[in-house]
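Asker: give the three-dimensional model of this entry:
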Amino acid sequence: MRYLLIFFLFLGCSKKVIIEKISPEEDFKKAYSYFEKKNYKEAINHFQAFFNLYYGNQYIDDAQFYIGESYYRMKDYENAITEFNILINNFPGSDFLELAYLRKAQALEKLAPLLQRDQDITRKAIEAYDFFILRFPESDSINVAKEGKERLVTRLNLKEFEIARLYYKMGKYNSAIIYLNEIIAKENELKDKALLLLGDCYVKLKEKEKAKEAFLSVSEEYKKEVEKRLKKLK
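Answerer: Numbering: from 1, shown residues only. Model (predicted):
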């Protein structure tokens with residue numbers, strides 16, 4: 001128990017010390033009040049102090065979660081991930097475990113770079129969403145996780161498609177074909193565009209049968225584009 005010393009003067013210069021007890025619950029409420037007011041820096045300071053003073057208290061994992069959540073809401077995603085990992089690794093029985101895993105994945109998604117850069121963090125975010133989906137299949141947030149994963153998978157596919165187009169423009173058709181086949185195998189929204197570009201690659205390589213096969217695999221949505229390309233093959 002911590003003590004707050006409050007001094008009062010009585011009768012001249014005489015002093016008395018009144019000791020006011022502050023419970024862990026009150027300290028936690030004070031920290032949480034800063035969180036509610038969106039004063040996240042102050043909330044972090046108070047939750048951290050609570051964590052250090054009352055380790056073993058029933059609210060200790062709550063404090064740890066709100067440290068991570070405060071960083072997350074401040075858009076300091078790297079520190080948020082660090083704090084969520086502390087909860088995940090040290091408090092496996094916490095009521096906040098599920099949300100910590102979700103927030104970790106979301107923070108990684110926020111850190112995922114633009115298409116022009118390496119997508120290693122994007123892959124880590126997908127793995128984090130995958131883990132959440134497998135670990136908490138009945139979660140109320142399962143669709144949030146699935147949608148997050150879908151966004152990131154789309155980003156990776158776009159990255160691969162952009163690389164394929166670049167190789168095509170550079171005249172490196174075989175390299176482009178490698179990336180396009182990977183996109184096509186994943187059965188995603190870029191499949192038809194990848195098939196069209198795949199056919200174009202085979203046309204450049206003068207492999208007409210393979211080009212025709214690729215064009216005929218495109219859906220009806222791109223029927224006109226297919227017809228134009230097939231006419232050129234004749």
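Asker: and K30, what does it touch?
Answerer: When contacts are counted by CB atoms under 8 Å, 6 or more residues apart in numbering, K30 touches H46. No exception for glycine: its C-beta is placed from N, CA and C like everyone else's.
Asker: per-residue pLDDT, it?
Answerer: We have a pLDDT of 96 for K30.
Asker: and it, how far is that from I178?
Answerer: Applying CB to CB, to the nearest Å, the value for K30 to I178 is 59 Å.
Asker: other SSEs contacting the lengthiest helix in the chain?
Answerer: Longest helix in the chain, counting residues (DSSP state H): helix 142-169. If you count contacts as 3 or more CB pairs under 8 Å, 6 or more residues apart in numbering; DSSP states H and E, helix 142-169 packs onto helix 97-111, helix 120-135, helix 173-185, helix 191-204.
Asker: okay, buried residues for the shortest one please.
Answerer: Just to be clear, that refers to helix 173-185. When neighbours are counted by 16 or more other CB atoms under 10 Å, the buried residues of helix 173-185 are found to be Y173, S175, A176, I177, Y179, L180, E182, I183, I184.
Asker: so what secondary structure elements neighbour it?
Answerer: Helices and strands touching helix 173-185, by 3+ CB pairs under 8 Å, 6+ apart, are helix 142-169, helix 191-204.
Asker: using TSV, please lay out those together with mean pLDDT.
Answerer: Output for the helices and strands packed on helix 173-185, formatted as TSV (pLDDT from 0 to 100):
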stretch	mean pLDDT
helix 142-169	94
helix 191-204	96
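Asker: possible to save the ones you listed as TSV with mean neighbour count?
Answerer: Shown next, in TSV, are these (neighbours: other CB atoms under 10 Å):
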stretch	mean neighbour count
helix 142-169	17
helix 191-204	21
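Asker: and these as CSV, adding distance to K210?
Answerer: Shown next, in CSV, are those (distance: least, CB to CB, whole Å):
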stretch, distance to K210
helix 142-169, 15
helix 191-204, 4
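Asker: can you say which of those helices is nearest to I22?
Answerer: Closest approach to I22 among the helices and strands packed on helix 173-185 is made by helix 142-169 (38.0 Å; CB to CB).
Asker: okay, the angle between that closest one and helix 173-185?
Answerer: Angle of helix 142-169 versus helix 173-185, following axes from the mean of the first three to the mean of the last three CA atoms, to 10 degrees, is 160 degrees.
Asker: apart from its chain neighbours, what residue comes closest to F28?
Answerer: Leaving aside its sequence neighbours, F28 sits nearest to Y59 (CB to CB, 6 or more residues apart in numbering; 4.8 Å).
Asker: ok, back up a step: for A211, find the nearest of the helices and strands packed on helix 173-185.
Answerer: Comparing the helices and strands packed on helix 173-185 by their distance to A211 (CB to CB), the top pick is helix 191-204, with 3.7 Å.
Asker: what sits up against that closest one?
Answerer: Residues from elsewhere that reach helix 191-204, judged by CB under 8 Å, 6+ apart: 161, 164-165, 168, 171, 173-174, 176-177, 180-181, 183-184, 208, 210-212, 214-215, 217-219, 221-222, 225-226, 229, 232-233.
Asker: now it, how far from the chain's geometric center?
Answerer: Taking CA atoms, centre = their mean, to the nearest Å, one finds helix 191-204 lying 32 Å from the centre of the chain it belongs to.
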